[in-house]
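Engineer: structure for this input, please:
(one chain, ligands or ions: 2)
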Amino acid sequence: MTDQHSAPAGRAKRVVVLVSGSGSNLQALLDASADSAYGVEIVAVGADRPGTYGVERAEKAGVPGFVCRVGDYETREEWDEALTDTIASYEPDLVVSAGFLKLFGQRLLKAFEGRAVNTHNSLLPAFPGMHGPRDAFNSGVKLAGATLFICDPGVDTGPIIAQTAVPVLDDDTVETLTERIKEAERVQLVECVGRMMREGWTVTGRRVTFG
Ligand SMILES: Nc1nc2c(c(=O)[nH]1)N[C@@H](CN(C=O)c1ccc(C(=O)N[C@@H](CCC(=O)O)C(=O)O)cc1)CN2
Ligand SMILES: NCC(=O)N[C@@H]1O[C@H](COP(=O)([O-])[O-])[C@@H](O)[C@H]1O
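Structural biologist: Ligands and ions are numbered 1, 2, ... in the order given. Predicted coordinates for the structure are as follows:
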């Protein structure tokens, strides 16, 4: 099956970013969107917990922030519904998960089918989950990197949009490798979000192409 996606022409494209931590990927998008030529507006930033530096970064940039905590709801499904409705209230063309450490449920995945993406700090399908760089370092691979993909019900299993490779150096530590990956990851994220919003994207089975 082929699904073609594009954002409406004639206006800045609307992106909601979801974070759980420091938000350096978010900051890269905020910095890029400050140039009107990028054609993207970060319309809101959401977190699954209070006190994230990511939401603080957003508010410093004049972008609305929100928090949607699982523990504030009776069930995970109610949380998923509340998160979906909050995101939808900003009418995004794209939802970007950048270090958001909660799995989206069916309601969000259906509401933003093909339009919810996640950046992950490994070359998927290798090293999914919460510790990509550490797992890559410990495995002895010579190439690490980052992956941007479309979220599906699994953890880091969705169709891949783009990947960027980063060498693992002989004198690397987990920390130095992690930072080098993040530098490449931020460049990839800014470039890909811009292309998706300008050119659109097409999902055919497991393959994603721009346009
Ligand atoms: N349905 C999907 N949701 C999300 C995906 C995805 O691929 N499909 N990517 C994530 C981000 N992510 C890795 O990049 C990730 C998110 C959450 C977890 C996880 O195990 N979360 C636990 C709680 C962990 C915690 O709060 O510390 C949970 O959701 O209960 C692993 C990887 C964004 N969402
Ligand atoms: N699979 C979940 C995961 O590990 N995501 C990773 O969290 C970091 C968030 O950094 P940031 O808050 O500085 O953007 C990113 O490197 C992202 O790949």
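
Engineer: gap between the closest residue to ligand 2 within the chain and Leu26?
Structural biologist: In the chain, the residue that lies nearest ligand 2 is Gly99 (2.6 Å; CB to the nearest ligand atom). C-beta here means a position set from N, CA and C on the backbone, and glycine is covered the same way. Going from Gly99 to Leu26 by CB to CB, to the nearest Å gives 8 Å.

Engineer: which residues in this protein form helices?
Structural biologist: Under the criterion DSSP state H, the chain carries helices at the ranges 24-33, 53-60, 76-88, 106-111, 132-139, 174-199.

Engineer: ranking these by burial, who's on top?
Structural biologist: helix 24-33 (a mean of 21; mean count of other CB atoms under 10 Å).

Engineer: and that helix, what does it pack against?
Structural biologist: strand 13-19, strand 40-47, helix 53-60, helix 174-199 (3 or more CB pairs under 8 Å, 6 or more residues apart in numbering; DSSP states H and E).

Engineer: near ligand 2, which residues of the protein are found?
Structural biologist: Applying CB under 6 Å from any ligand atom, we find that the chain lies next to ligand 2 at 19, 21-26, 54, 98-99, 119-121, 130, 132, 182, 185.

Engineer: let's see it at 8 Å
Structural biologist: Selection of the chain residues close to ligand 2 by CB under 8 Å from any ligand atom yields 19-27, 53-54, 98-101, 118-122, 128-133, 146, 155-156, 178, 181-182, 185-186.

Engineer: good, wrapping up.
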